[in-house]
Every structure is written in C-alpha cells, then in structure tokens.
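# Everything below, folded, please.
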Amino acid sequence: MRTLLELISMNAEMHKLQDYCARVLRGDKATLHRLRAADFVCEAGFWAFGLPALHCYIFGDSHDDYRGWLQQLYAGDLNTQLRELGGEIAILDNRGKVDASCYCLRRLPTQET
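Take a look at the predicted model:
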C-alpha cells in the first residue's frame with residue numbers, strides 16, 4: 001500500500017506531464033522550442049516521444065521509478081483530461097514493446113456541426 005506522500009508525489013508527476021501536454025496543445029512557443037532542443041519532434045498540437053525519453057526529459061535523474069511511473073500513467077485518466085483540452089495521447093508507431101514504441105500527443109479532430 002502506498003503512503004500518502006507517495007500518492008501526492010504521483011499526482012504531482014501526472015500534473016507535470018499534463019501541463020506539458022496542455023502547453024503543446026496550445027502551441028506554446030517556448031515549450032515547443034525546449035522540446036525541439038531536446039530532440040523531440042513537435043509542433044503546435046503534436047508531440048512525438050518514446051516513453052523512456054519522455055520520462056527522462058520530464059523528471060531527469062531525480063526520479064528513478066520508471067516502472068512505477070508507467071503503471072501510474074496507464075492506470076490514470078490523463079487521456080480523459082487531455083480530451084477536455086482537445087487532445088489525446090496515442091500510439092504513433094507500435095513496435096511490440098511499450099519501451100520501444102513511439103507515442104504522440106495530438107489534437108483531436110474538430111467536429112463541425
């Protein structure tokens with residue numbers, strides 16, 4: 001069973017990722033510039049990444065529980081939250097293994113009425 005401090009930390013980690021995603025979806029120029037400088041492919045509304053590279057970029061060397069982070073990512077509601085912002089995380093290139101596959105944040109198509 002996780003401690004309260006661990007649960008608070010996990011929520012903060014997911015909030016940090018959601019914040020990056022929201023900035024990409026909005027097309028924040030400074031965020032896009034930093035991501036490109038870190039060798040990510042991105043543009044307003046799109047960000048391609050491998051999960052190990054994403055984890056390393058967001059948390060650096062200060063966070064060594066990659067497997068725990070993955071469990072948290074898959075068990076969480078990040079995509080539900082991103083859909084409210086008009087985006088989603090999807091598999092871009094399925095290579096058969098989570099750590100080898102390429103994922104992307106992308107804008108959802110707008111529905112015209």
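
# which residue is nearest the centroid of this protein?
L17 (5.0 Å; CA atoms, centre = their mean).

# May I ask you to confirm that that residue belongs to a helix?
Yes: with DSSP: H, G, I helix; E, B strand; the rest coil as the criterion, L17 is assigned to a helix.

# Spit out the contact partners of the residue lying closest to it once chain neighbours are set aside.
Nearest residue to L17, sequence neighbours excluded (CB to CB, 6 or more residues apart in numbering): I58, at 6.0 Å. All C-beta spots, glycine's among them, are computed from the backbone N, C-alpha and C. Each residue near I58 by CB atoms under 8 Å, 6 or more residues apart in numbering is listed here: 13, 16-17, 20.

# which residues in the chain form strands?
41-43, 46-49, 87-93, 102-107 (DSSP state E).

# partners of the shortest one, with directions?
I take that to be strand 41-43. Counting by DSSP bridges, the strands paired with strand 41-43 are strand 46-49 (antiparallel).

# swap in the longest one?
Within its sheet, strand 87-93 is paired with strand 102-107 (antiparallel), according to DSSP bridges.

# Which positions in the strand it pairs with come out as buried?
Across strand 102-107, burial judged by 16 or more other CB atoms under 10 Å covers 103-107.

# ok, those vs R83, which is closest?
R107 (10.7 Å; CB to CB).

# quick one: pLDDT of the closest one?
R107 is assigned a predicted lDDT (pLDDT) of 97.

# repeat for L85
94.

# Skipping adjacent residues, who's closest to G50 in space?
Using CB to CB, 6+ apart and skipping residues adjacent in sequence, the residue nearest G50 is C102, 5.8 Å away.

# What ranges does the protein have for its helices?
4-26, 29-37, 51-59, 66-75, 78-84 (DSSP state H).

# CSV for those, including distance to V98?
CSV is the format used below for these (distance: least, CB to CB, whole Å):
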stretch, distance to V98
helix 4-26, 16
helix 29-37, 21
helix 51-59, 6
helix 66-75, 7
helix 78-84, 15
